[in-house]
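**Q** compute the structure for the input listed below.
(chains A and B)
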Amino acid sequence: MIELHRVSKVYAVGPVKVPALSDVSFRVDKGEFVVLAGPSGAGKTTLLRLLYRAELPSEGEVEVLGADVSALGRAEVAALRRSIGVVFQDAKLLPVRTVYENVAFVLRVLGTPRRDITARVFDALRGVGLSSRAQAYPAQLSQGEAQRAALARAIVRRPPLLLADEPTGSLDDAMAAEILEVLRDIWAGGTTVVLATHQGRVAAALRRRTIALEAGRVVKDEG
Amino acid sequence: MLGFLVGEALRDLRRAGRVAVSAILLITLSLAALGGFWLVSANLDRAVGRWRDRVRIIVYLRREPAEADLPALLERVHGVPGVASAVYVSRTDALHALKQVLGKDAGVVESLPTNPLPASIEVTPTAAGATPDGARELVTRLGALPEVEEVAGGVDWVERLAQWQRLLATIGLGVGAVLALAAILSVTTATTLVVHARRRETEIMRLVGAPELTIRLPLLLQGMLQGLAGAALALAVLTLIHSLVAPRLEPLVNLTLGLPRIAFLTPLALAGLGLGGALLGALGGWLARGGREA
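**A** Below is the predicted model:
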């Protein structure tokens, strides 16, 4: 499903080269739940961005869902992203649209027939326990609810791979536990999940395979 | 999908708010100016066409020819290059025509001791003879005939009218082009605001793998909608002005230019203005489309 081989990523800030990832290699199989752990600046977000081709590796190979991301053209990148759900610490909900509209938006831009949209949106909202808040606007949601709405938006296309970048980063423990529970449910439904977190307690609570990053290098891969 | 794209475009238009309104008004102004000049120019063109068809050259004769000499004279006039037809007008016919023109004042003519009008031949030139140069040559040739006292008429004033019509069309295009440029920049500004306002939507669309066309089409569509709204308003303004002004000007135009009515723009011209508006808006939207992102 995912394979990284000796991947490095260096950002050029003017004349200065800033390494974000160095010689990273690992493999994630279909149906796995993998935690990318590490402190802020360890390279977790960069790694996830490589997976959905928002960045290109400076060196090495990144293969996602059978595709070498460096070799993809614009249309192929779009096709790859249609198979990947992504959530962020900031839920990135559209503020002038309701929860329902936020989730439906994704289906509409991808040309899903209108007759299928309602059922699929409510399926996704039920999956994250948010169907009763379908008509609420993002400003009316708690942070936990907003994150669940973002998860619903990510899974409404039923992607085989879900990338979650610090989805519990701004939540209190109770809300974080709810989100982790939702992620577990999504994974149990057959979706491969890669979760990046700087919170050691999250990684510990999940008790799944954990790849620890420090200063852009893999320092531990266990579980 | 089309419904979604149009819905997004309308949502974007609302976001652009007053800037979009000013863009629409500028498009209205530019198309109304263009349409106004077009309308005047088209009517002048009709007048020129009518006058070209009616060009006559009057050949005044030194003395009224004897009836027996008339066929030979007409044949010689007919033989002059550039003459399509020639009709003899006797002194009596000329006086009769004058009385008709004078109408209720025809009594003035009765008081004259003798008929002062000369006999003449009314010449209709061929197409070649109706051009300014052709008419000048024709006048010279006809004036060289020994029976001819004077030759009157020509097409110079018709050509001057045609020149005015062309000048007006050029000015119209120039004014329209300047206003159109302002309109395009205004749509670009409105669309730039929209690009900024919808950056989060764009981010989400890219993240979920939406086709590039789906991302960019709403921007183009909202520009086109601004253009179409501007064109519709411009046509409404032109229709209103034409319906109010034309009936008041028609008697004067009929008297001076011989046009019984001021025609409105043809359906083709109206379609052209509508299409022009849509293109102006689309161009503005396209110019503000923003850079591509990863």
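
**Q** mind checking the longest helix of the chain?
**A** Since you didn't name a chain, this refers to chain A. In chain A, with assignment by DSSP state H, the single longest helix is helix A:173-188.

**Q** my bad, chain B
**A** Every helix in chain B considered (DSSP H), the longest is helix B:2-53.

**Q** for the stretch 51-200 of chain B, what are the low-confidence residue spans?
**A** Low-confidence segments of the stretch 51-200 of chain B (pLDDT under 70): B:154-158.

**Q** count the residues that sit near the residue of it with the smallest separation from chain A.
**A** Nearest residue of the stretch 51-200 of chain B to chain A, counting by CB to the nearest CB: residue B:200, 5.9 Å away. In this view, the C-beta of every residue, glycine as well, is placed from N, C-alpha and C. Using other CB atoms under 10 Å in any protein chain shown, residue B:200 has 13 neighbouring residues.

**Q** could I get the contacting residues of it?
**A** Residues in contact with residue B:200 (CB atoms under 8 Å, 6 or more residues apart in numbering or on different chains) are A:92, A:94, A:95.

**Q** just these that are near chain B?
**A** Near chain B, judged by CB under 8 Å from any CB of the partner chain, the entries from the contacts of residue B:200 are A:92, A:94, A:95.

**Q** quick one, which of those residues are buried?
**A** Neighbour counting by 16 or more other CB atoms under 10 Å in any protein chain shown classes A:92, A:94 among the ones next to chain B among the contacts of residue B:200 as buried.

**Q** possible to save the ones next to chain B among the contacts of residue B:200 as CSV with secondary structure?
**A** Output for the ones next to chain B among the contacts of residue B:200, formatted as CSV (DSSP: H, G, I helix; E, B strand; the rest coil):
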residue, secondary structure
A:92, coil
A:94, coil
A:95, coil
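
**Q** ok, back up a step: where does the residue of the stretch 51-200 of chain B closest to chain A fall, phi/psi-wise?
**A** When read as degrees, to the nearest 10, the backbone of residue B:200 gives phi -70, psi -40.

**Q** strands along chain A, start to end?
**A** Here chain A has its strands, by DSSP state E, at A:2-13, A:16-28, A:33-37, A:59-64, A:67-68, A:84-87, A:161-165, A:192-197, A:209-214, A:217-222.

**Q** can I get the second one in CSV? Just the C-alpha atoms.
**A** Coordinates of each C-alpha in strand A:16-28 appear next as CSV, following Å, rounded to 0.1, in the frame of the first residue of the first chain:
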residue,chain,number,x,y,z
VAL,A,16,20.2,27.5,3.3
LYS,A,17,19.2,23.8,2.9
VAL,A,18,17.0,22.5,5.7
PRO,A,19,16.7,18.7,5.9
ALA,A,20,13.2,17.6,6.8
LEU,A,21,13.6,13.8,6.2
SER,A,22,16.8,11.8,5.9
ASP,A,23,17.0,8.3,4.6
VAL,A,24,13.5,7.2,5.6
SER,A,25,12.5,3.7,4.6
PHE,A,26,9.4,1.7,5.7
ARG,A,27,6.5,-0.2,4.3
VAL,A,28,2.8,-0.1,5.3
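
**Q** re the thing from before, just checking, what packs against the longest helix of chain B?
**A** helix B:156-197, helix B:212-257, helix B:267-287 (3 or more CB pairs under 8 Å, 6 or more residues apart in numbering or on different chains; DSSP states H and E).

**Q** list the buried ones in the helix or strand following it?
**A** Downstream of helix B:2-53, the first helix or strand assigned by DSSP states H and E is strand B:57-61. Residues of strand B:57-61 classed as buried by neighbour count (16+ other CB under 10 Å): B:57, B:58, B:59, B:60, B:61.

**Q** and stretch B:162-169, by the same measure?
**A** So for stretch B:162-169, counting by 16+ other CB under 10 Å, buried means B:162, B:165, B:168, B:169.

**Q** ok, stretch A:96-114 next?
**A** By neighbour count on 16+ other CB under 10 Å, the buried set for stretch A:96-114 is A:97-110, A:112.

**Q** what is whichever strand or helix holds residue B:108 packed up against?
**A** Element membership for residue B:108 (DSSP H and E) is helix B:107-110. Secondary-structure packing of helix B:107-110 (3+ CB pairs under 8 Å, 6+ apart): helix B:91-102.

**Q** what sits up against the helix it packs on?
**A** Residues outside helix B:91-102 that contact it (CB under 8 Å, 6+ apart): B:64, B:89, B:106, B:108, B:109, B:115, B:117, B:118, B:119, B:120.

**Q** 6 Å instead, please
**A** With contacts defined as CB atoms under 6 Å, 6 or more residues apart in numbering or on different chains, helix B:91-102 is touched by B:64, B:106, B:109, B:115, B:117, B:119.

**Q** tell me the phi and psi of the fourth one?
**A** By that I understand residue B:115. The phi and psi torsions at residue B:115 (degrees, to the nearest 10) take the values phi -80, psi 110.

**Q** returning to what we had before: the helices and strands packed on helix B:2-53: which one's closest to residue A:125?
**A** Set against residue A:125 and scored by CB to CB, the helices and strands packed on helix B:2-53 come closest in helix B:212-257, at 23.6 Å.

**Q** avg pLDDT for that closest one?
**A** Averaged over helix B:212-257, pLDDT sits at 87.

**Q** quick one: residues contacting the nearest residue to residue B:20 once chain neighbours are set aside.
**A** Nearest non-adjacent residue to residue B:20, counting by CB to CB, 6 or more residues apart in numbering or on different chains: residue B:190, 4.5 Å away. Residues in contact with residue B:190, defined by CB under 6 Å, 6+ apart, are B:16, B:19, B:20, B:23.
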